[in-house]
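[1] Show me how the following folds:
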Amino acid sequence: MEIKTPSYIFDIKTLKDRISFIRENLAKDIRICYAMKANPFLVEYLIDVVDAFEVCSPGEYQICKALNVPKDKIVLSGVFKEEEDIKGIVKDCKDLPIYTVESLSQLNLLTNVAKENNLVLNVYLRLSSGNQFGVDEETIKKIVSNLNIYNSINVLGIQLYSGTQKKIDVVQKELDYLHTFIASLEETYGIRFKHFEYGPGLRVNYFTSEPDFDEKGQLNILNESLKQFDKYQIQLEMGRFIAYNSGEYHTKIVDTKFTNNMSYCIIDGGINQLNYYGQTMAMKPPFIKTQKDSGDLAHWTICGSLCTVADVIIKNYPLYDAKIGDELVFLNVGAYSITEGIYLFLSRDLPRVYIRDEKGNISLKRDVINAYKINMKGEN
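    Below you'll find the model as predicted:
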């Protein structure tokens, strides 16, 4: 199949192999939760592969509903839970999902909706890591000391997600702190939690300038640190660490020029479609596959098609015999690039999405979407 650019290709064998690699290096009873915000196009291929899906918006819930994701695999999260959405989800799913509590008002909302439906809803209390997500220690203490007034809520355990691309020693310290905090809650308030959900935010490597590190070693250290939680059902929420290496971004050089002693090549994509966590001023070279490995070598500044000086992908990148029509393939874009880009800027079309199945066959998953129609009043 001809791959038209710009486009993404997501490789399902790589994705499933990644899950297997993670499971092989963790205790067998540890559950894996996929944070679908990392890449919703992968959800349908993970339904029978992961144990749960983190769902953070009404739109993500609608994707799960359309794909028939089992209701008991949904962890309904999110800092904003609108009343009508929660009522609709509870009507659809009853007490099968786990609902997160990120504020006292969310707790009251879930309690009221549960009572209206004669249900007891299972919840995680999300502990804040010092930002707008979750609640602080004192609020959790307030909740667990007054569970008698929340008799339509069953608190399964504590949830914490504190960020991404964390060093493993930070993860270890965080888990030690959490174990102490949870043990204190149980002892002080006579509560016995059954679950523990944690987002480790393990590092992945996006740039050639970064030193290699041992992913298996990271997982082994994480597994060892999790042993102190062995009396709980442990669920690890991962997005980037699962999906990052399953995606490619394909783009072509559409123009070249030499300006003010700089060689520029313009690609048909740009920063609206290609995003790496930690990319700083286009100074860090990502992993790129090119069609040529010989010829005249020159260093190019690779820029996208947007009318902004910010649309620089990488500066001073070596390319052999670069010409208009050459294809560049950016690797490790399986997480977030597909959803984090400034897609509607300049009304550039949204790129195609292809899937490479486990046999290597490529099929078109989503065709081009004309952004100008979205940006015109009254257009659907």
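
[2] Using CSV, write out every CA atom in stretch 343-355.
    Provided in CSV are the C-alpha atoms of stretch 343-355 (Å, rounded to 0.1, in the frame of the first residue of the first chain):
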residue,chain,number,x,y,z
TYR,A,343,-4.1,20.5,14.8
LEU,A,344,-6.4,23.3,13.8
PHE,A,345,-3.8,25.9,13.4
LEU,A,346,-3.7,27.3,9.8
SER,A,347,-6.5,24.9,8.9
ARG,A,348,-4.0,22.3,7.8
ASP,A,349,-5.6,18.9,7.2
LEU,A,350,-5.4,16.3,9.9
PRO,A,351,-3.1,13.5,8.8
ARG,A,352,-4.0,10.0,7.8
VAL,A,353,-3.7,7.2,10.3
TYR,A,354,-2.6,3.7,9.2
ILE,A,355,-2.5,0.5,11.2
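
[3] which helices and strands sit right next to the longest strand seen in the chain?
    Counting residues, the longest strand found in the chain (DSSP state E) is strand 247-259. With contacts taken as 3 or more Cβ pairs under 8 Å, 6 or more residues apart in numbering; DSSP states H and E, strand 247-259 sits against strand 7-11, strand 262-267, strand 327-331, helix 337-340. Every C-beta, even on glycine, is put in place using the N, C-alpha and C of the backbone.

[4] Looking at those, which is nearest to Pro286?
    The closest of the helices and strands packed on strand 247-259 to Pro286 is strand 327-331. By Cβ to Cβ, the value is 5.7 Å.

[5] Tell me the buried residues in the closest one?
    Leu328, Val329, Phe330 (16 or more other Cβ atoms under 10 Å).

[6] Sheet partners, orientation included, of that strand?
    Strand 327-331 sits in its sheet next to strand 247-259 (antiparallel), strand 288-290 (antiparallel), going by DSSP bridges.

[7] Export these as CSV, with columns for mean pLDDT, distance to Glu224 and mean neighbour count.
    CSV is the format used below for the strands paired with strand 327-331 (pLDDT from 0 to 100; distance: least, Cβ to Cβ, whole Å; neighbours: other Cβ atoms under 10 Å):
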stretch, mean pLDDT, distance to Glu224, mean neighbour count
strand 247-259, 97, 30, 17
strand 288-290, 96, 36, 14
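
[8] Compare those strands and report which one is nearest to Glu186.
    strand 247-259 (41.5 Å).

[9] quick one: the closest one to strand 7-11, angle?
    Strand 247-259 and strand 7-11 are oriented at 150 degrees to each other (axes from the mean of the first three to the mean of the last three Cα atoms, to 10 degrees).

[10] thinking again about what came up before, can you list the strands paired with strand 327-331 in TSV and add distance to Glu186?
    TSV is the format used below for these (distance: least, Cβ to Cβ, whole Å):
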stretch	distance to Glu186
strand 247-259	41
strand 288-290	51
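
[11] wait, which of these is closest to Lys227?
    Judged by Cβ to Cβ, the one of those that comes nearest to Lys227 is strand 247-259, at 33.0 Å.

[12] can you list contacts of that closest one?
    The contact list for strand 247-259, computed with Cβ atoms under 8 Å, 6 or more residues apart in numbering, reads 3, 5-11, 39, 263-269, 273-274, 289, 300, 305, 322-335, 337-338.

[13] Of all the helices and strands packed on strand 247-259, which one comes closest to Thr139?
    helix 337-340 (30.2 Å).

[14] Using CSV, write out the CA atom coordinates for the longest helix anywhere in the chain.
    What stands out as the longest helix in the chain, according to DSSP state H, is helix 168-189. Output of helix 168-189 as CSV, limited to C-alpha atoms (Å, rounded to 0.1, in the frame of the first residue of the first chain):
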residue,chain,number,x,y,z
ILE,A,168,13.5,5.2,39.0
ASP,A,169,14.9,6.5,42.4
VAL,A,170,12.1,9.1,42.4
VAL,A,171,9.6,6.3,41.9
GLN,A,172,11.1,4.3,44.8
LYS,A,173,10.9,7.2,47.2
GLU,A,174,7.3,7.9,46.1
LEU,A,175,6.2,4.3,46.7
ASP,A,176,7.9,4.3,50.2
TYR,A,177,6.0,7.5,51.1
LEU,A,178,2.7,6.1,49.8
HIS,A,179,3.1,2.9,51.7
THR,A,180,3.7,4.9,54.9
PHE,A,181,0.7,7.1,54.3
ILE,A,182,-1.7,4.3,53.4
ALA,A,183,-0.6,2.2,56.5
SER,A,184,-1.2,5.3,58.6
LEU,A,185,-4.7,5.7,57.2
GLU,A,186,-5.6,2.1,57.9
GLU,A,187,-4.2,2.1,61.4
THR,A,188,-5.7,5.5,62.4
TYR,A,189,-9.2,5.1,60.8
